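In: sequence and predicted structure, then a few things I'm wondering about:
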Amino acid sequence: MKAFLDACLFIYLNAMVDDERRLVEGLFKRLLEEQLFTGMLVIDKVLYISRKYGVSYETTLDFLKNIVLPYAEVLPVEEKDSKPAEKYLLKYGLKPLTLYTWQRWRKPG
């Protein structure tokens, strides 16, 4: 199964320190059995929001390099995605980040 991982999961894993984090870790460990994807815009959001929770850029970059990037393919957003994305944006009312990452994720190969 393919799974797209959004920023919320990574932010919780990166910023949480109490017992609730174990629940999120358990979910992430189960997801490691799947084919995982994320997006460059997700990485950017994780850096930005984690900082708001008091997590340094250095800590977040270390987390991304060691916990996320070895297991998830990062999907780029490219100019050629804009035409089909425009169609789905207008047809389904998707938010731009969701739209672009979905468009890249669904491509074969």
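Out: It's in.

In: low-confidence stretches in the chain?
Out: 94-109 (pLDDT under 70).

In: can you give me the domain assignment for it?
Out: If you go by automatic domain parsing, the domain ranges for the chain are 2-75, 76-109.

In: which elements pack onto whichever strand or helix holds residue 88?
Out: Using DSSP states H and E, residue 88 maps to helix 82-92. Counting contacts by 3 or more CB pairs under 8 Å, 6 or more residues apart in numbering; DSSP states H and E, helix 82-92 packs against helix 96-105. C-beta: built from backbone N, CA, C; applies to glycine.

In: returning to what we had before: list the buried residues in the helix holding residue 88.
Out: 85, 89 (16 or more other CB atoms under 10 Å).

In: restricting to C-alpha, output that helix in PDB.
Out: Taking C-alpha atoms only, helix 82-92 is exported to PDB below (Å, rounded to 0.1, in the frame of the first residue of the first chain):
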ATOM      1  CA  SER A  82       0.200  22.900 -12.500                       C
ATOM      2  CA  LYS A  83      -2.200  22.200 -15.400                       C
ATOM      3  CA  PRO A  84      -3.700  19.000 -14.000                       C
ATOM      4  CA  ALA A  85      -3.600  20.500 -10.500                       C
ATOM      5  CA  GLU A  86      -5.600  23.500 -11.700                       C
ATOM      6  CA  LYS A  87      -8.200  21.200 -13.100                       C
ATOM      7  CA  TYR A  88      -8.600  19.300  -9.700                       C
ATOM      8  CA  LEU A  89      -8.400  22.500  -7.700                       C
ATOM      9  CA  LEU A  90     -11.400  23.900  -9.500                       C
ATOM     10  CA  LYS A  91     -13.300  20.600  -9.800                       C
ATOM     11  CA  TYR A  92     -13.000  19.400  -6.300                       C
END
